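K.L.:
Here you go, sequence then predicted model.
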Amino acid sequence: MIAASAALTAIPLGLRDPLLSEYQTIVQNFLEHRWLPSELSGGRFSEIVYTILDGHAKGAYAGAPSKPGNFEQACKKLENNAHEPRSFQILIPRMLPALYEVRNNRSVGHVGGDVDPNHMDSLVVLSMCNWIMGELVRVYHAMNVPDAQKVVNALAEIRIPVVWSDGYKKRILQPTLKLPEQLLLLIATTLPQITINELQLWSEASDKSYFMKVLRAFHKKRLIELDEKAGTIQVLPPGAKQTEEILRRKSILVV
């Protein structure tokens, strides 16, 4: 499996960095229930992806993302690139205008409505962005869909300097943190889920009984979803907020 850090190296840095940054922001805001259009918008992401597809088709990339004057018509023109993979020629160009629209203009009708669609809209944005990222990884690295999705999951993880990773394993670089804090940081920075075995290995928790006691307490508080039968753990929104509190209290920066 290719490491997440190398997933999109074929895309020039001036486009790759904004793409990863915008995608990670969308994922993190969703996990923290920041569903307002100003906090979870697919507009900027759409512009970046358009610039990448346009550069891929032309064989020459722009130095930075740009928004064409008529975004919908520009995306429509991408469909003329018959030499491109079908997802780059048809599927993504048809998704981008909808992604751009759902968060940039849907909000004007939210006030006074009977049902607040912010969560629904955000779910659509996240799902579309996730699929598009998967396609970018799959095409640029000739991966199958399951492997591409694993890389995308890793790209979506929160970046915390205190958590070191080589793309395959992780370590907490501040061993003075208590074990429960270390476990929550490892869980929150591993998406969509981490196995119990991985967590014990990465945390180097020697007391399995205490280790499981902590996880069960997290589950009871709804900080995590612990599936002991499947051997998997994933962070829940309250757990993401608790992680933020640990970072603030310990003065650990997120990047």
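P.N.:
Right, received. Where do you want to start?
K.L.:
I'd say residue 164 and residue 171 touch.
P.N.:
Yes - contact criterion Cβ atoms under 8 Å: residue 164 and residue 171 qualify, at 4.8 Å. From N, CA and C alone the C-beta is placed, and that goes for glycine too.
K.L.:
Looking at the two, which one has more neighbours?
P.N.:
Neighbours around residue 164 and residue 171, counted as other Cβ atoms under 10 Å, are more numerous at residue 171. The numbers are 15 against 12.
K.L.:
Look up how far residue 185 lies from that one.
P.N.:
As judged by Cβ to Cβ, to the nearest Å, residue 171 and residue 185 stand 11 Å apart.
K.L.:
For stretch 73-83, give the mean pLDDT please.
P.N.:
Mean pLDDT, stretch 73-83: 96.
K.L.:
Centre of the chain to stretch 235-249, how far?
P.N.:
Relative to its chain's centre, stretch 235-249 lies at 17 Å (Cα atoms, centre = their mean, to the nearest Å).
K.L.:
average pLDDT for it?
P.N.:
Mean predicted lDDT for stretch 235-249 stands at 83.
K.L.:
Name the residues of it that are buried.
P.N.:
For stretch 235-249, burial by neighbour count (16 or more other Cβ atoms under 10 Å) applies to 235-236, 239-240, 242-243, 246-247.
K.L.:
Which of these sits closest to residue 14?
P.N.:
Proximity of the buried residues of stretch 235-249 to residue 14 (Cβ to Cβ) peaks at residue 247, which lies at 29.3 Å.
K.L.:
Report all helices and strands that the longest helix seen in the chain contacts.
P.N.:
Of all segments of type helix in the chain, defined using DSSP state H, the longest is helix 118-141. Using 3 or more Cβ pairs under 8 Å, 6 or more residues apart in numbering; DSSP states H and E, the elements in contact with helix 118-141 are helix 13-31, helix 43-58, helix 92-104, helix 145-155.
K.L.:
Next, the buried residues of it.
P.N.:
Across helix 118-141, burial judged by 16+ other Cβ under 10 Å covers 118, 121-122, 124-126, 128-141.
K.L.:
same question, stretch 10-19
P.N.:
Quick answer for stretch 10-19 (16+ other Cβ under 10 Å): 11-12, 15-16, 18-19.
K.L.:
what do you get for stretch 204-211?
P.N.:
Buried-residue list, stretch 204-211, by 16+ other Cβ under 10 Å: 205, 211.
K.L.:
Give me the contacts around that stretch.
P.N.:
179, 183, 199-200, 203 (Cβ atoms under 8 Å, 6 or more residues apart in numbering).
K.L.:
Quick check: neighbours shared by residue 171 and residue 185?
P.N.:
Residues touching both residue 171 and residue 185 (Cβ under 8 Å, 6+ apart) are residue 163.
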